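*Asks:* Turn this into a structure:
(2 chains)
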Amino acid sequence: MNFSFDNERPIYVQLANMIKVSICNGTYESGSKLPSVRDLALSAKVNPNTLQKALFELEEEGLIFTERTNGKFVTTDKKIIEKTKNELAKSISENFKKEMNNIGLSLEEAILYLQNLGGKK
Amino acid sequence: MSLLEIKNLNKSYDDFKVLKDVNLKIEKGKIYGLLGKNGAGKSTLIKIINDLLTKDSGEVLFLGKEIGSFSKAHISYLPERTYLDKSMKVKEIVKYFSEFYSDFDCEKAKKLIKDLDLNIDKQISKMSKGMQEKLQLVLVMSREADLYILDEPLGGVDPATRDYILDTILSNFKEGSSLIISTHLISDIERILDEVIFIDKGEIKLTSGADQLREKENSSIDEIFRRSFKC
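*Replies:* Model prediction:
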């Protein structure tokens, strides 16, 4: 995972988001064990408390669960992962649409740009 | 009970009030940033907590007891300026620390010194300033203390050394212990803070959770600090 933070937003929110992305793209597979809080905090170079808070958020959303004494695991419920992916995709699309509108392009024109991403002109 | 509690603390140098009615609570298991401009009173406050300066009035309680030899045995302090005896060799200073502090982890210190590629037979006066600062940090972080107080650990070092210092702090403080890091270089350090304390002209102006403050103000701690204390 690439950890780079923007100091203007809460760090725990950014961390939770990064872990979500890693779950969606399969870096952390469904059902697999997450690294320990201390190890994750060290690789992200953040305070373990902040990481704990990010994990708490993910647990609230049902994306991860704690097995007593055993650590934290990614949910085995694929529907939750799909839902998360869907939410992330929505927010990325909304941002894209907003930025395209900002430079004076309509949604239809923006879609054309997306379709041409493959190199075809 | 708080790890450290400061009540109505005052300190003056002659007629100049350096600390004005300071009240502060430091809880267990958190990293605090003591943030203030040069001359705001950070170092004076830290020296009083470490029993190196006497207060004029007020209370400074460590685990409920007035500070003294008990608190000194549990607080690991990195002063702003190095106090190492420069005629000593690295291995001598390690021995000195392990004899002086019962919570000093000699093996950990040796490992960290090895990671620095530092020869234990080297004399401190022959090391670069940056290396001396790293060595001192290693010694301070090798104690299994309940509270670490680091006074301007990032002052005057290059960005690569800053990363080393932040990494060393994060990976070596004892679990469940607390840290107070004083600095005016906020943007480099704000990512690792749980709580921020703004101090200005000897007064505590604000204490808040770091992420709460970002959420509330929609800006970085550095930006909020600059806005609050414009010269």
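
*Asks:* residues from chain B in reach of chain A?
*Replies:* B:29-31, B:166-167, B:170-171, B:175, B:187, B:190-194, B:210-212, B:214-215, B:218-223 (CB under 8 Å from any CB of the partner chain). (Glycine included, C-beta is placed from N, CA and C.)

*Asks:* Mind checking which of the residues you listed are buried?
*Replies:* B:30-31, B:166, B:170, B:190-194, B:210-211, B:214, B:219-223 (16 or more other CB atoms under 10 Å in any protein chain shown).

*Asks:* In strands, which of these fall?
*Replies:* B:Ile31 (DSSP state E).

*Asks:* pull the CA atoms of the helix or strand of chain A with the lowest mean pLDDT into CSV?
*Replies:* Counting by mean pLDDT, DSSP states H and E, chain A has its least confident helix or strand at helix A:37-44, which shows a mean of 89. Taking C-alpha atoms only, helix A:37-44 is exported to CSV below (Å, rounded to 0.1, in the frame of the first residue of the first chain):
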residue,chain,number,x,y,z
VAL,A,37,-2.1,-2.9,14.5
ARG,A,38,1.5,-2.2,15.4
ASP,A,39,2.8,-3.5,12.1
LEU,A,40,0.3,-1.6,10.0
ALA,A,41,0.9,1.5,12.0
LEU,A,42,4.6,1.2,11.4
SER,A,43,4.3,0.7,7.7
ALA,A,44,1.9,3.6,7.4
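
*Asks:* For it, which helices and strands make contact with it?
*Replies:* helix A:48-60, helix B:159-172 (3 or more CB pairs under 8 Å, 6 or more residues apart in numbering or on different chains; DSSP states H and E).

*Asks:* I'd like to know which of those helices lies nearest to B:Leu45.
*Replies:* helix B:159-172 (19.6 Å; CB to CB).

*Asks:* Now do the domain split for chain A, please.
*Replies:* A:11-76, A:79-118 (automatic domain parsing).

*Asks:* in the last one, what counts as buried?
*Replies:* Within domain A:79-118, the residues scored as buried using 16+ other CB under 10 Å are A:Ile80, A:Ile81, A:Thr84, A:Met100, A:Ala110.

*Asks:* Contacts made by whichever helix in chain A runs longest with the rest, please.
*Replies:* Of all the segments of type helix in chain A, defined by DSSP state H, the longest one is helix A:78-102. The contact list for helix A:78-102 (CB atoms under 8 Å, 6 or more residues apart in numbering or on different chains) reads A:20-21, A:23-24, A:30, A:61-63, A:74-75, A:106-107, A:109-110, A:113.

*Asks:* Name the residue most distant from the centre of chain B?
*Replies:* B:Asp121 (28.0 Å; CA atoms, centre = their mean).

*Asks:* Burial check on the spatially closest residue to that residue that is not a sequence neighbour, number of neighbours?
*Replies:* Spatially, and ignoring its direct neighbours in sequence, B:Asp121 is nearest to B:Lys89 (5.8 Å; CB to CB, 6 or more residues apart in numbering or on different chains). A count of nearby residues for B:Lys89, using other CB atoms under 10 Å in any protein chain shown, gives 16.

*Asks:* lowest confidence element among the helices and strands of chain B?
*Replies:* For chain B, counting by mean pLDDT, DSSP H and E, that's helix B:159-172 with a mean of 88.

*Asks:* and residue 30, what does it touch?
*Replies:* Just going to use chain A. A:Ile23, A:Val74, A:Thr75, A:Thr76, A:Lys78, A:Ile81.

*Asks:* Chain B is the one I meant
*Replies:* A:Asn49, B:Ser178, B:Leu179, B:Asp194, B:Glu195.
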